[in-house]
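Chemist: predicted model, plus sequence, below.
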Amino acid sequence: MEDITTSTTFVLVHGAWHDGTCWDRVVPLLEARGHLVHAPTLTGHGDTADRLGPEVNLTTHADDVVDLVRDLVRDKDVSEVVLVGHSYGGMVISAVAHRIPEHVAQLVYVDAMVPEHGENAVDVMPATRHLIDLAAGSSSPWRVPPLPELPAPAGLFGVTDPQDVAWLRGTLGDESVSCFVERVDQSNPALARIPRAHIHCVGYEPDGLVRRPVPAVQPNGDPARVLEVRSGHDCMVTVPAELTGLLAGLV
């Protein structure tokens, strides 16, 4: 059972097309357990949507998080953080951990892309190629618009409640193709020491979704930690209490 007297610093990293507000229901629940929580909005989204351009890529987003963590280390007396990445955010936290492994206590992949060295988002989730190809035929071939809402249970990123769908749709924005095609460096040998955990959203998977199996052994030699939550993809919106419980139980 979690010791709520011990404070952990969580950095929650959103996925493609979203912004940091997607974590709004999880942040106060983690804080109520005594943890420190940061949910940054990556460049080109939310309040920085005007900065989206073809040059925005995975490195841009890794820079956002690295800068945040370094600020926490400098100003908030934080030595390590738990990096939580949702969806494409798994690419981002992997890139961040390569650069500052000494400040990463754990990597948590929430229904996320988990790359190997030298891979990009298309390698991890080949369906992304179709989205890039569609963008290539548009007037702005570097912009990939959000996925459309589908009939339930798929909904909008797994969200089906009409009020939640309307709110979520208002937060979504385009993504740069460069985010999906830039390859991630995972060559830092210090990465191997960082514990990993995986939280999979189950029960409402879209047809044709193929999730990579998680290796039975983590890079640090520990057994794999794979948890499940019954939810569509955006579990931080649909089941925030359940997700919070899983996150809190990992520290």
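Modeler: Arrived safely, thanks for sending. In this text, all values refer to a predicted model and were calculated from it rather than measured experimentally. Residues are numbered from 1 along each chain as shown.

Chemist: from Ala248, how far out is Glu31?
Modeler: 11 Å (C-beta to C-beta, to the nearest Å). Where you see a C-beta, it was placed from the backbone N, CA and C, and this is true even at glycine.

Chemist: which one of these two has more residues nearby?
Modeler: Ala248 (19 against 14; other C-beta atoms under 10 Å).

Chemist: so that one touches Arg33, yeah?
Modeler: Yes: applying C-beta atoms under 8 Å as the test, Ala248 and Arg33 come out as touching, 5.3 Å apart.

Chemist: can you pull out the helices in the stretch 101-250 of the chain?
Modeler: 121-124, 128-136, 162-171, 177-181, 235-238, 240-249 (DSSP state H, counting those that start in this stretch).

Chemist: kindly list the longest helix within the chain.
Modeler: Within the chain, and with DSSP state H defining each element, the longest helix by residue count is helix 58-75.

Chemist: burial count for Val13?
Modeler: 32.

Chemist: residues contacting it?
Modeler: By C-beta atoms under 8 Å, 6 or more residues apart in numbering, the contact list for Val13 reads Ala39, Pro40, Leu42, Val65, Leu83, Val84, Gly85, His86, Gly89, Val92, Ile93.

Chemist: Gly137: which of the residues you listed is nearest?
Modeler: For these, the minimum distance to Gly137 (C-beta to C-beta) is 26.0 Å, reached by Leu42.

Chemist: I'd say Phe180 and Asp123 touch.
Modeler: No: the criterion here is C-beta under 8 Å, and Phe180 misses it with Asp123 at 9.9 Å.

Chemist: these two - which one has more neighbours?
Modeler: Remark: of Phe180 and Asp123, Phe180 carries more neighbours, 25 against 17, as counted by other C-beta under 10 Å.

Chemist: and Ala197, what's its pLDDT?
Modeler: Per-residue confidence at Ala197 stands at 98 (pLDDT).

Chemist: next up, the contacts around the residue nearest to Asn120 when sequence neighbours are not counted.
Modeler: Leaving out its chain neighbours, the residue that sits closest to Asn120 by C-beta to C-beta, 6 or more residues apart in numbering is Arg183, at 4.8 Å. Shown in contact with Arg183 (C-beta under 8 Å, 6+ apart): Gly118, Glu119, Asn120.

Chemist: now distance to Pro189 too, for those, in JSON lines please.
Modeler: Shown next, in JSON lines, are the contacts of Arg183 (distance: C-beta to C-beta, whole Å):
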{"residue": "Gly118", "distance to Pro189": "15"}
{"residue": "Glu119", "distance to Pro189": "18"}
{"residue": "Asn120", "distance to Pro189": "22"}
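
Chemist: average pLDDT for stretch 31-38?
Modeler: According to the model, stretch 31-38 has a mean pLDDT of 97.

Chemist: got the end-to-end distance for it?
Modeler: Using C-alpha to C-alpha, to the nearest Å, one end of stretch 31-38 lies 10 Å from the other.

Chemist: and stretch 137-145, by the same measure?
Modeler: 13 Å.

Chemist: still on that earlier bit, most neighbours per residue, which of the helices of the stretch 101-250 of the chain?
Modeler: helix 235-238 (a mean of 26; mean count of other C-beta atoms under 10 Å).

Chemist: other SSEs contacting that helix?
Modeler: Helices and strands touching helix 235-238, by 3 or more C-beta pairs under 8 Å, 6 or more residues apart in numbering; DSSP states H and E, are helix 162-171, helix 240-249.

Chemist: from the rest of the structure, what touches the longest helix of the chain?
Modeler: Surrounding helix 58-75, the residues in contact under the criterion C-beta under 8 Å, 6+ apart are 9, 11, 13, 38, 40, 42-44, 78-79, 81, 83, 91-93, 95-96, 99-100, 103, 120-121, 178-179, 182, 184.

Chemist: now do 6 Å
Modeler: The set of residues external to helix 58-75 that reach it, using C-beta atoms under 6 Å, 6 or more residues apart in numbering, is 40, 42-43, 78, 81, 91-92, 95-96, 99-100, 103, 179, 182.
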